[in-house]
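Peer 1: sequence unknown, structure follows:
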């Protein structure tokens with residue numbers, strides 16, 4: 001029982017950390033100029049698709 005509670009808390013904390021990391025990456029990329037994004041092979045309209053590429057199937 002206690003192990004299950006701690007396991008659930010750990011998964012929840014991990015999800016929050018991943019969400020924060022994705023949000024930070026999105027903000028970092030969104031702050032770049034179009035030229036900087038192009039040098040990375042990205043377009044502004046593809047930032048979300050890039051940041052969430054492992055969970056979004058667009």
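Peer 2: Right, received. Where do you want to start? Predicted model only: the values in this text are computed from it and were never measured.
Peer 1: secondary structure element for the most centrally placed residue in the chain?
Peer 2: The centroid of the chain falls nearest to residue 22 when counting by C-alpha atoms, centre = their mean (2.1 Å). Here residue 22 sits within helix 2-30, counting by DSSP states H and E.
Peer 1: Buried ones in that helix, by neighbour count?
Peer 2: residue 29 (16 or more other C-beta atoms under 10 Å). (Glycine included, C-beta is placed from N, CA and C.)
Peer 1: And the least confident helix or strand in the chain by mean pLDDT, what does it pack against?
Peer 2: None of the helices or strands of the chain scores lower by mean pLDDT, DSSP states H and E than helix 2-30, at a mean of 82. With contacts defined as 3 or more C-beta pairs under 8 Å, 6 or more residues apart in numbering; DSSP states H and E, the packing partners of helix 2-30 are helix 47-51.
Peer 1: Tell me the buried residues in the helix it packs on?
Peer 2: For helix 47-51, by 16+ other C-beta under 10 Å, it's 47, 50, 51.
Peer 1: still on that earlier bit, now the least confident helix or strand of the chain, how far from the centre of its chain.
Peer 2: 10 Å (C-alpha atoms, centre = their mean, to the nearest Å).
Peer 1: Residues in contact with the next helix or strand after that helix: which ones?
Peer 2: Per DSSP H and E, the first helix or strand lying C-terminal to helix 2-30 is helix 34-39. Contact with helix 34-39 is made by 29, 43, 44, 47, as judged by C-beta atoms under 8 Å, 6 or more residues apart in numbering.
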